[in-house]
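[1] Here is a sequence together with a model predicted from it:
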Amino acid sequence: MRVLCLLLLALGLLLSQLGPGASQLTALGQRSDSYRCAKKGGTCNLSPCPLYNRIEGTCYNGKAKCCIR
């Protein structure tokens, strides 16, 4: 009986730690804009895009440009 109580206590403490991180689970299925740029074959540049490249979005949460040839 004592072992069962200790196991339930450990399980309760483990599950109580998931509460603060639950808000991070909402972004679980979303990809960052840098990942999407690389997936399209682009590069992330803080400076203007090189010659013959076009801007195809943003990177680093909107701080840089996604340049695609």
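    Good, I have the coordinates. Numbering: from 1, shown residues only.
[2] only C-alpha atoms for contact and neighbour calcs from this point on.
    OK.
[3] Bridging across strands, which residues link to the closest residue to residue 42 other than its chain neighbours?
    Distances taken as Cα to Cα, 6 or more residues apart in numbering put residue 68 closest to residue 42, at 4.5 Å, once the chain neighbours are dropped. Beta-bridge pairing of residue 68 under DSSP bridges involves residue 54.
[4] okay but residue 68 is in contact with residue 39, surely?
    No - in this structure, residue 68 is not within contact of residue 39 by Cα atoms under 8 Å, at 10.9 Å.
[5] more neighbours, the two?
    Legend: neighbour count by other Cα atoms under 10 Å for residue 68 and residue 39, higher for residue 68 (19 against 10).
[6] residues in contact with that one?
    Residues near residue 68 by Cα atoms under 8 Å, 6 or more residues apart in numbering: 40, 41, 42, 43, 53, 54, 55, 56.
[7] burial of the fifth one, as a residue count?
    Each residue near residue 53 was counted by other Cα under 10 Å, and the total is 14.
[8] That one and residue 9: what is the separation?
    59 Å (Cα to Cα, to the nearest Å).
[9] now swap in the last one and tell me
    Between residue 56 and residue 9 the distance is 52 Å, computed by Cα to Cα.
[10] who's more crowded, these two?
    Higher neighbour count among residue 56 and residue 9: residue 56, with 15 against 12, using other Cα under 10 Å.
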